[in-house]
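Participant: Take this sequence and fold it.
(chains A, B and C)
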Amino acid sequence: MIKREYNNRIIWGVIVETEAYAELEPACHGFKSRTAKNETLFGEPGRLYVYLTYGIHHCVNIVTEKKGWASGVLLRAIAMPNEHHRVAAGPGLLAKRFGLNRNHDNSLISVENGIWLRKSSADTKMSPIIQTTRIGISQAKNLPWRWYMKNSRSVSKRALGDRSPKPSEAWSPSSKEGP
DNA sequence: CTTTCGATTGCCT
DNA sequence: GGCAATCGAAAGG
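Facilitator: Numbering: from 1, shown residues only, chains lettered A, B, ... in the order given. Here you go, the predicted model:
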């Protein structure tokens, strides 16, 4: 589960949908270049990479892998048992509900910073976990790097309609190499 | 410099 | 199903 303290309150939920992004594939923000904007993605694991998308919504990632290698896990949906099942059922919605924005970019995940992770029996309650392709991207659509809890009602709306990638959208690793 | 478009959401037909 | 909202990178001239 993920926990968050802000406005003098602690809220929590189970992460029920994620996607992985890494430097070796073109959908990743760190694929083309390393800039001030995406620097966090190249930084040390355990920090948040938060960016604005569509000029309106924020997307929250947890940086993974080793320092110097752009990689992260996008949090796409959180189930909050004590609230309406859709309040955090999407990347933008969960960022909003958990009060996270660009100011939290590069923040270390810790109790001191008001955002942290814990294991819980609630985490496995909605299994099995389905692995499939990512959503809302235009490149490397064939990579099966999305995971979600099959039995959760809080999985993002668009995640429900799966489709297999067309051959023209297929992508396979070429020059870039992993860590 | 100008134009395009995105790791989305919500409202409309 | 379609599309506006709304901003800033990235791409194009």
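Participant: okay, the residue in chain A that DNA strand C sits nearest to: pLDDT?
Facilitator: Residue of chain A nearest DNA strand C, by C-beta to the nearest atom of the strand: A:G55 (2.8 Å). Where you see a C-beta, it was placed from the backbone N, CA and C, and this is true even at glycine. What the model reports as pLDDT for A:G55 is 96.
Participant: Now for it: which residues touch it?
Facilitator: When the contact criterion is C-beta atoms under 8 Å, 6 or more residues apart in numbering, A:G55 has no partners at all.
Participant: For A:N106, see how far away it is.
Facilitator: According to C-beta to C-beta, to the nearest Å, A:G55 stands 21 Å off from A:N106.
Participant: Output the below-cut-off pLDDT ranges for chain A.
Facilitator: Low-confidence regions of chain A, defined by pLDDT under 70, span residues A:159-179.
Participant: Parallel or antiparallel, list what pairs with the longest strand seen in it.
Facilitator: Of all segments of type strand in chain A, defined using DSSP state E, the longest is strand A:9-22. Strand A:9-22 pairs in its sheet with strand A:2-6 (antiparallel), strand A:71-79 (antiparallel), strand A:146-149 (antiparallel), by DSSP bridges.
Participant: can you list those in TSV and add distance to DNA strand B and mean neighbour count?
Facilitator: Putting the strands paired with strand A:9-22 into TSV (distance: least, C-beta to the nearest atom of the strand, whole Å; neighbours: other C-beta atoms under 10 Å) gives the following:
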stretch	distance to DNA strand B	mean neighbour count
strand A:2-6	16	17
strand A:71-79	3	25
strand A:146-149	10	20
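Participant: how about the longest strand of chain A as CSV, C-alpha atoms only?
Facilitator: Provided in CSV are the C-alpha atoms of strand A:9-22 (Å, rounded to 0.1, in the frame of the first residue of the first chain):
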residue,chain,number,x,y,z
ARG,A,9,-4.1,13.7,7.7
ILE,A,10,-2.9,10.3,6.6
ILE,A,11,-4.5,8.7,3.6
TRP,A,12,-3.7,5.4,2.0
GLY,A,13,-4.6,3.0,-0.7
VAL,A,14,-3.5,-0.1,-2.6
ILE,A,15,-1.6,0.5,-5.9
VAL,A,16,-3.7,-1.6,-8.3
GLU,A,17,-2.2,-0.5,-11.7
THR,A,18,1.3,0.4,-12.8
GLU,A,19,3.4,0.7,-16.0
ALA,A,20,7.1,0.5,-16.4
TYR,A,21,9.3,2.8,-18.5
ALA,A,22,13.0,2.6,-19.2
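Participant: quick one: buried residues of the next helix or strand after it?
Facilitator: Tracing the chain C-terminally past strand A:9-22 and defining elements by DSSP states H and E, one meets helix A:39-42 next. By neighbour count with 16 or more other C-beta atoms under 10 Å, helix A:39-42 contains the buried residues A:40-42.
Participant: With stretch A:60-73 instead?
Facilitator: A:60-65, A:69-73.
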